[in-house]
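Visitor: Coordinates for the following, if possible.
(one chain, ligands or ions: 1)
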Amino acid sequence: MRIILLGKPGGGKGTQAKMLTERLGIPQISTGDILREAVKHQTPLGIEAKKFMDAGLLVPDCLIKDLIKERLSQEDTKDGFIFDGFPRNLAQARDLEQISGDLGFSIDKVVYIDVPTEKIVRRLSGRRTCSCGAVYHVESNPPEEQGVCDACGGTLYQRDDDKEDVIKARIEQYEKQTKPLIDHYDEKGILVTIDGDQPIDDVFSEIMKKIGA
Ligand code: AMP
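Guide: Residues are numbered from 1 along each chain as shown. The predicted model follows:
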């Protein structure tokens, strides 16, 4: 199954992608995670991407297209994948249509996780992340021991772009660039809308039901 997760930053895409990966046995492809790894290792992509990420802006489409092509050339994506954070605008959706045409696959479902904007700032500013990819929230999903990852014992940190000044820019980018994708995929008949303002397990159950998995 090939799935796109769509929704506001902090709307639960990463959390649900990890749960889907476990249940369906297909990889999560998070462009944000790939970019953060590139920044950490100071690769040419990371150095270029960092200035956009720090400002809460989208990284240029051409860089993202190359990154996606390279990731989809890897064997583990052959039976399906979950896109988390891609595509982020109509140009990227068209790039994906071109890539999928070339590689001979199509997207089965686009899962739009709908969370009211007023909940987003609270979610993002309380989010804590581990370098292993696990994500927590200080109130709604805390780790067993404060500041320590349940999964790997690593130290949790707050992403630089989860600080309040950058959050505003990220929400603006979402409204301007990413939101039009909802209509784009609805017109194609592959969009399902999920109420993201409910407990994590309930969101997951609704997704599983609506994608028919
Ligand atoms: P995320 O982890 O998905 O919230 O992404 C964090 C940041 O990485 C975003 O604010 C963007 O700067 C960048 N980013 C992630 N995915 C994309 C994408 N598909 N296109 C452009 N920029 C992206």
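Visitor: who does the host helix or strand of Gln98 touch, helix- and strand-wise?
Guide: Gln98 belongs to helix 90-103 when assigned by DSSP states H and E. Helix 90-103 sits against helix 61-72, helix 180-187, with contacts defined as 3 or more CB pairs under 8 Å, 6 or more residues apart in numbering; DSSP states H and E. Bear in mind the C-beta positions are built from the backbone N, C-alpha and C, glycine included.
Visitor: Which of the ones you listed sits closest to Leu24?
Guide: Distance to Leu24, taken as CB to CB, is lowest for helix 61-72 among the helices and strands packed on helix 90-103, at 17.2 Å.
Visitor: In JSON lines: the helices and strands packed on helix 90-103, plus mean neighbour count.
Guide: Shown next, in JSON lines, are these (neighbours: other CB atoms under 10 Å):
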{"stretch": "helix 61-72", "mean neighbour count": "16"}
{"stretch": "helix 180-187", "mean neighbour count": "15"}
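Visitor: what's the helix or strand for the residue of the chain at minimum distance from the ligand?
Guide: Distances between the chain and the ligand by CB to the nearest ligand atom are smallest at Gly32, namely 2.1 Å. Element membership of Gly32, judged by DSSP H and E, is helix 31-40.
Visitor: Check whether stretch 57-64 comes near the ligand.
Guide: Yes: remark: stretch 57-64 sits within contact range of the ligand at Leu57, Leu58, Val59, Ile64, by CB under 6 Å from any ligand atom.
Visitor: end-to-end on that stretch?
Guide: 13 Å (CA to CA, to the nearest Å).
Visitor: Next one: Glu118, what pLDDT does it get?
Guide: pLDDT, the model's per-residue confidence, is 88 for Glu118.
Visitor: so which helix or strand takes in it?
Guide: helix 117-125.
Visitor: Past that helix, which element shows up next along the chain?
Guide: Counting by DSSP H and E, what follows helix 117-125 is strand 127-129.
Visitor: could you say what helices and strands that following strand packs with?
Guide: strand 135-137.
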